[in-house]
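[1] Fold the stuff below for me.
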Amino acid sequence: MTAESITQLATVEKSRGYWRSVGARFLRDKVAVCAGLVAAGLILMAIFAPWIAPADPLDGSMIKRLSPIGTEGYPLGADELGRDMLSRLIYGARLSLFMGVVPVLIAFAIGGAIGVAAGYLGGWVNTITMRVLDVLYAFPSVLLAIAISGALGAGILNGLLSLTVVFIPPIARVAESVTTSVRKLEYIEAAQASGASSLRIVRDHVLGNVLGPIFVYATSLISVSMILAAGLSFLGLGVSPPNAEWGLMLNTLRNAIYVQPWLAALPGVMIFLTSISFNMLSDGLRSAMDVKQ
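    The predicted structure follows:
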């Protein structure tokens, strides 16, 4: 066995030990574990919505319009078109989570790649790349998302595109910052001195040290993405009727707040519960990955 193979095996074993310790620290955080269980429950609810929902979310009855919570056959009441609120909340988790998670994942891949490349290459590549991203980063995320969606028009794909563009700059900045600090470490300089290619150094030595912090930061953006997506749908720039989506449901029920306030608040409660769960999960992951603790 060559010296290089021994070094690679030692690196892999050290990485495994680190992630085992991260898992142990995370499991000791009861708040983060509870948040993770709630988030997992919401994801499972969205996946198995056709089997969990008691009724078709699109079937309505004007006779049951704005039925209060606890009505027979409508445990959480009915909306402005007489559709079962429980079923619409369950099905709404699908689009709400989709609009919250997918843009962050795409931005994680694109922004992470841009940030790692800029951070590792440095010099004029770093300067030009980050200054271009700073132009987008200078706009408030809400206004930028509204501007892009307004220019492209309402729709799920346009909403995904606008949210993805919003999250690429902050993720790229974090990736660039972490990569720049890792690039200055001694073992990276040793790998460069040994003649290893930049691609191999990034793949074998840089990514393993920067993906964790970038991923943790990206998870904290899921709650922001969900709120922005709900806001776009509320303004008519996101998901279109009659689809079940929590932000759109807030929009359609806004006139019912004087008649059935608790009914109108249910989609907002789901948005709050999901957002706080992903926030606490992200905080728990960040604390677990802090080796100083």
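[2] Next up, the contacts around the spatially most central residue of the chain.
    In the chain, the C-alpha nearest the mean C-alpha coordinate belongs to residue 222, at 2.4 Å (C-alpha atoms, centre = their mean). Listed by C-beta atoms under 8 Å, 6 or more residues apart in numbering, the contact set of residue 222 reads 100-101, 104, 278, 282. Every C-beta, even on glycine, is put in place using the N, C-alpha and C of the backbone.
[3] Show me the shaky parts of the stretch 151-293 of the chain.
    291-293 (pLDDT under 70).
[4] what ranges do the helices span in it?
    156-183, 186-193, 198-201, 207-234, 246-252, 261-288 (DSSP state H, counting those that start in this stretch).
[5] Determine how far the last residue of stretch 130-143 lies from the first.
    End-to-end distance for stretch 130-143: 21 Å, by C-alpha to C-alpha, to the nearest Å.
[6] switch to numbering from 55
    Sure thing, new numbering starts at 55, so read that last one as stretch 184-197.
[7] Burial-wise, tell me which of the helices of the stretch 205-347 of the chain comes out on top.
    Neighbour counts (mean count of other C-beta atoms under 10 Å) averaged over each of the helices of the stretch 205-347 of the chain peak at helix 300-306, with a mean of 24.
[8] Name the residues that touch that one?
    133-134, 142-143, 146-147, 150, 283-290, 292-295, 318, 320-322, 324-325.
[9] related to what we said a few turns ago, look up the closest residue to the residue nearest to the centre of the chain, ignoring the ones flanking it.
    Among residues not flanking residue 276 along the chain, residue 332 sits closest, at 4.5 Å (C-beta to C-beta, 6 or more residues apart in numbering).
[10] Surely residue 328 touches residue 146?
    No. Under the criterion of C-beta atoms under 8 Å, residue 328 makes no contact with residue 146, lying 10.5 Å away.
[11] Using CSV, write out every CA atom in stretch 100-114.
    The C-alpha coordinates for stretch 100-114 follow below in CSV (Å, rounded to 0.1, in the frame of the first residue of the first chain):
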residue,chain,number,x,y,z
ALA,A,100,-46.9,15.9,1.7
ILE,A,101,-45.7,12.7,0.1
PHE,A,102,-48.7,10.6,1.3
ALA,A,103,-51.3,13.3,0.9
PRO,A,104,-53.6,11.2,-1.4
TRP,A,105,-53.8,8.5,1.3
ILE,A,106,-54.1,10.9,4.3
ALA,A,107,-56.5,13.6,3.1
PRO,A,108,-60.1,12.7,3.9
ALA,A,109,-61.5,14.4,0.8
ASP,A,110,-60.6,15.8,-2.7
PRO,A,111,-59.1,19.2,-2.1
LEU,A,112,-60.8,20.5,-5.3
ASP,A,113,-64.3,19.3,-4.5
GLY,A,114,-66.5,22.1,-3.1
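[12] Residues contacting that stretch, please?
    99, 129, 132-133, 135-138, 140-142, 144-148, 151-152, 296, 298.
[13] List the buried residues in it.
    100, 103, 107, 109, 111, 114 (16 or more other C-beta atoms under 10 Å).
[14] now stretch 85-93
    Buried residues in stretch 85-93 (16+ other C-beta under 10 Å): 86, 89-90, 92-93.
[15] which other residues reach that stretch?
    80-81, 327-328, 330-335, 337-339, 341-342.
[16] Recalculate using a threshold of 6 Å.
    331-332, 334-335, 338 (C-beta atoms under 6 Å, 6 or more residues apart in numbering).
[17] ok, now stretch 260-271?
    Residues from elsewhere that reach stretch 260-271 (C-beta under 6 Å, 6+ apart): 166, 228-229, 232-233, 236, 339-340, 343.
[18] same question, stretch 155-166
    Residues outside stretch 155-166 that contact it (C-beta under 6 Å, 6+ apart): 214, 217-218, 221-222, 225-226, 229, 268, 272, 275-276, 279.
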